[in-house]
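**Student:** Next comes the sequence, and after it the predicted model I'd like to discuss.
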There are 2 protein chains.
Amino acid sequence: MPLDDRKKQVLHAIVDDYVSTNDPVGSKALIERHNFKVSSATLRNDMAELEKLGYIEKPHTSAGRIPSDRGYREYVDSLMTVEKLSDEEQEAIKSHIDSSIDEVTDLIKNATQTLSETTGFVSLSMSPRLRKSFLTQLKILMIEPGKALVLMVLSAGVVKDKIVRIPNYITDEQIFKISNSVEKHLTGKPLDEITLITVESSVDNVELPQPLLKQILYEAYSAIKQADELNIYLDGEHRMLQLPDFSTMGRARELLGTLSDSSMVAGYVNEIAGEEHSGDGSYMIRIGQEITLSGLEDCSFITATYNLTDSISGNIGVIGPKRMEYSKVISQIDFVTTTLNENIKKLN
Amino acid sequence: MPLDDRKKQVLHAIVDDYVSTNDPVGSKALIERHNFKVSSATLRNDMAELEKLGYIEKPHTSAGRIPSDRGYREYVDSLMTVEKLSDEEQEAIKSHIDSSIDEVTDLIKNATQTLSETTGFVSLSMSPRLRKSFLTQLKILMIEPGKALVLMVLSAGVVKDKIVRIPNYITDEQIFKISNSVEKHLTGKPLDEITLITVESSVDNVELPQPLLKQILYEAYSAIKQADELNIYLDGEHRMLQLPDFSTMGRARELLGTLSDSSMVAGYVNEIAGEEHSGDGSYMIRIGQEITLSGLEDCSFITATYNLTDSISGNIGVIGPKRMEYSKVISQIDFVTTTLNENIKKLN
DNA sequence: TTTAGCACTCAAAAGTGTAGAGTGCTAATC
DNA sequence: GATTAGCACTCTACACTTTTGAGTGCTAAA
């Protein structure tokens, strides 16, 4: 059963007030701050109803109400309106973004930092998912006896490298031949189609014993696979300590503890990035318990997607308290992401 | 005036007790836990004396005493004895260290993480100071029109690269020529002797208009300079929240706030790394107010040095509460650093 | 359906009292 | 002269109580 208009207004007002004051909001306070045309008693009835429906809850008997996860969800899905940032706000953000950066990775980092700075929350970004990108160059370069560098240039303009160990007595020339052969066969192939077998079968006519050759090719292969790995970058963890929501040590500890395990967070982000976008916007929101990472029960997580190319993208987002100004934060993420996308385009 | 033997014992005992209990220690408690041959009244006199000399202090009138910065300093300099870690402790550390890593940078990171994990404090490392290292290879590789990669291999086995922008219509061949020419002239030169002039004068006989050539060489130069920059890596910040010393939000906030400005921390570490080592060991200790970073007044900072080669080194260390088991932490750092040095050696 | 009024609830803040650990000082003792 | 026992005094931490005030749900009237 859908909420009637006034109940929607009440819920809207409760969320707004709670977000701005951090105090459970009661019927009287509601009347004072908004001009409802009815009395507090009426609102009390509405609030009782909203509570029964699960949109709001009481911390204890004699306190006001606070939005439940479901209440926030309703707010986010149908109540709030997302406005564009004012010119000043846009300027403030732009002043943090360094568009003179020449490497995509740094551009993304910079945007992530900006996001934390402007929202005051933790921000994060995932490295682009490069599975679909293809190799445009692959070189194996001798560094010194026993050590070589596998250097890859990917279609998205991303450069990756990895130092690998090779048998000591392999010569410059041999490596050079292998490098050329591998490059010729693998250029143009998407990363996710490159297997150990593809790599191994890409070399012929090199006068080296099979086991040695195999070893080198295995190293090359593992370098390629490593280029495909997802990295996560987190920023502004300390800002969470400034928030009243995490002013009790326990909560803060748990939160930062969880965030410190970056591979776990990365796994989670990757997981939800795989799910389809929730309808309307270009962003995705998880509220409270919807986040299945322990210690983030009081947080909300908003992510957006940036694009390196049409088919290669990554995520950027913030983790803040559930009690946040959703519409504002969404505008901020949106703006940062848009700016980031523009700057990425400029690199090509 | 030097302390007499018993006063030294008293100070030693106070530090030990305070470190282990986190309670100001009184004369009675001291008698109970240690077998002094004198009465509590005598200790009270000694303690009054120690306080007058500035080694210990009272949080308030009716509390026990806690060591002052000076007290810890005396303890660290002349009272404590540093023992080797037990076999089990060594094993525990070794189990965290991944000696299969092929890149120095990762090896250092891994050691830093291990250090935080074993001490339970924040750990940090500075990237090696590469000023004195020299180029063994330098290549400029075309990535796509308008974009090139400057790739440097340094004497320490470190590889650095940077994407730079070049004029659009520069060809593969032209870049190749420039690359060769620059490499020939710069190979073997220490980074800190390479100036823009050195780079510019390293190319001759390239049929390109001067301004274009200059632009490319400038980019190459800036890539080289960037390779020389110091990076800091911090780990385990969240662990500070577990410590009783930072159980009040205020302290923790300040601490993590300061640590989040990594360039400031890097600057400080670099500064003190420049000062000469304080005598005996291979480590360096800063206690409390001796640290001139705001928010770290209640911390101590212990650093050690790792070596890539004889002349190229970096720092690794921990930041923990002033109230720490100095001898133990020192052994831990020492062991981790030694192990790191061994693993670095194995890479070559 | 809305409203005024009222009794009831409960957390947070402020106040009170006590226990305990510690101190400094003095005068006696080794 | 150093050491000790004894004692009055100090001050925090903790537990306990009281007060305050915002908020609720319910009832009866509009």
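**Tutor:** Received it, and whenever you're ready, just let me know what you need.
**Student:** Spatially nearest residue to A:Thr187 (excluding sequence neighbours)?
**Tutor:** A:Leu135 (5.4 Å; CB to CB, 6 or more residues apart in numbering or on different chains). Heads up, the C-betas are built off the backbone N, CA and C, glycines and all.
**Student:** I misspoke; the intended subject was A:His185.
**Tutor:** A:Ser202 (3.4 Å).
**Student:** Now find how far off-centre the lengthiest helix in chain A is within its chain.
**Tutor:** Determined from DSSP state H, the single longest helix within chain A is helix A:326-347. Counting by CA atoms, centre = their mean, to the nearest Å, helix A:326-347 is centred 13 Å from the centre of its parent chain.
**Student:** ok, back up a step: the residue nearest to A:Thr187: what's it in contact with?
**Tutor:** With contact set as CB atoms under 8 Å, 6 or more residues apart in numbering or on different chains, A:Leu135 has these partners: A:152-155, A:183, A:186-189, A:191, A:194, A:224.
**Student:** hmm, back to that, pLDDT score for the residue nearest to A:His185?
**Tutor:** Among the per-residue scores, A:Ser202 holds a pLDDT of 86.
**Student:** Over to A:Leu3?
**Tutor:** 79.
**Student:** I'd say it and A:Leu11 touch.
**Tutor:** Yes: between A:Leu3 and A:Leu11 there is a contact at 7.0 Å, judged by CB atoms under 8 Å.
**Student:** More neighbours: which of those two?
**Tutor:** Ranked by neighbour count (other CB atoms under 10 Å in any protein chain shown), A:Leu3 and A:Leu11 place A:Leu11 first, with 25 against 18.
**Student:** Could you list the domains of chain A?
**Tutor:** Domain assignment for chain A by automatic domain parsing gives A:5-79, A:87-128+A:230-347, A:135-227.
**Student:** can you pull the contacts of the residue of chain A found nearest DNA strand D?
**Tutor:** DNA strand D sits closest to A:Gly26 of chain A, with a gap of 2.6 Å, by CB to the nearest atom of the strand. Taking CB under 8 Å, 6+ apart, we find A:Gly26 in contact with A:63-65.
**Student:** Now render these as JSON lines, adding secondary structure, neighbour count and distance to B:Asp102.
**Tutor:** Below are these laid out as JSON lines (DSSP: H, G, I helix; E, B strand; the rest coil; neighbours: other CB atoms under 10 Å in any protein chain shown; distance: CB to CB, whole Å):
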{"residue": "A:Ala63", "secondary structure": "coil", "neighbour count": "13", "distance to B:Asp102": "58"}
{"residue": "A:Gly64", "secondary structure": "coil", "neighbour count": "20", "distance to B:Asp102": "59"}
{"residue": "A:Arg65", "secondary structure": "strand", "neighbour count": "25", "distance to B:Asp102": "58"}
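**Student:** Go back to those and keep what's next to DNA strand C.
**Tutor:** Contacts with DNA strand C within these, counted by CB under 7 Å from any atom of the strand: A:Ala63.
**Student:** Between the contacts of A:Gly26, which sits nearest DNA strand C?
**Tutor:** A:Ala63 (6.3 Å).
**Student:** The most centrally placed residue in chain A and chain B, how far apart?
**Tutor:** Centroid-nearest residue in chain A: A:Ile316, 3.4 Å away (criterion: CA atoms, centre = their mean). Separation of A:Ile316 from chain B (CB to the nearest CB, to the nearest Å): 19 Å.
**Student:** Please apply the same query to A:Leu293.
**Tutor:** For A:Leu293, the distance to chain B - CB to the nearest CB - is 14 Å.
**Student:** which residues touch that residue?
**Tutor:** Applying CB under 8 Å, 6+ apart, one finds that A:Leu293 lies in contact with A:258, A:264-265, A:268.
**Student:** Spell out which residues sit in contact with A:Val265, please.
**Tutor:** Counting by CB under 8 Å, 6+ apart, A:Val265 has contacts A:124, A:232, A:234, A:258-259, A:293.
**Student:** contacting residues around A:Glu229?
**Tutor:** Here A:Glu229 is in contact with no residue (CB under 8 Å, 6+ apart).
**Student:** Surely it is within a strand?
**Tutor:** No: per DSSP: H, G, I helix; E, B strand; the rest coil, A:Glu229 lies outside any strand segment and is coil.
**Student:** Tell me the confidence at it?
**Tutor:** A:Glu229 is given a pLDDT of 94.
**Student:** Show me where chain A has its helices.
**Tutor:** Under DSSP H, chain A gives helices at A:5-21, A:27-33, A:40-52, A:69-74, A:87-94, A:104-119, A:172-186, A:196-200, A:210-227, A:249-260, A:262-274, A:326-347.
**Student:** So which of those helices is nearest B:Lys345?
**Tutor:** Smallest distance to B:Lys345 across those (CB to CB): 21.2 Å, for helix A:210-227.
**Student:** Which residues does that closest one contact?
**Tutor:** A:130, A:135, A:138, A:140, A:148, A:150, A:152, A:154, A:160-162, A:164-167, A:170, A:175, A:178, A:182, A:186, A:191, A:194-196, A:199-200, A:202-203, A:206.
**Student:** With adjacent residues omitted, what lies nearest to A:Gly288?
**Tutor:** A:Gly288's closest residue in space is A:Asp69 (CB to CB, 6+ apart), at 3.9 Å.
**Student:** so that neighbour sits right up against A:Gln289, yeah?
**Tutor:** Yes: counting by CB under 8 Å, A:Gln289 is a contact partner of A:Asp69 at 5.4 Å.
**Student:** For the two, work out which one has more neighbours and name it.
**Tutor:** A:Asp69 (19 against 13).
**Student:** Now do that one against A:Glu290, distance only.
**Tutor:** 7 Å (CB to CB, to the nearest Å).
**Student:** repeat for A:Val122
**Tutor:** 17 Å.
**Student:** of the contacts of helix A:210-227, buried ones?
**Tutor:** The neighbour count (16 or more other CB atoms under 10 Å in any protein chain shown) marks A:130, A:135, A:138, A:140, A:148, A:150, A:152, A:154, A:160-162, A:164, A:166, A:170, A:175, A:178, A:182, A:186, A:191, A:194, A:199-200, A:202-203 as buried among the contacts of helix A:210-227.
**Student:** which residues of chain A score low on pLDDT?
**Tutor:** For chain A, the stretches flagged by pLDDT under 70 are A:1, A:276-281.
**Student:** Alright, I will stop here.
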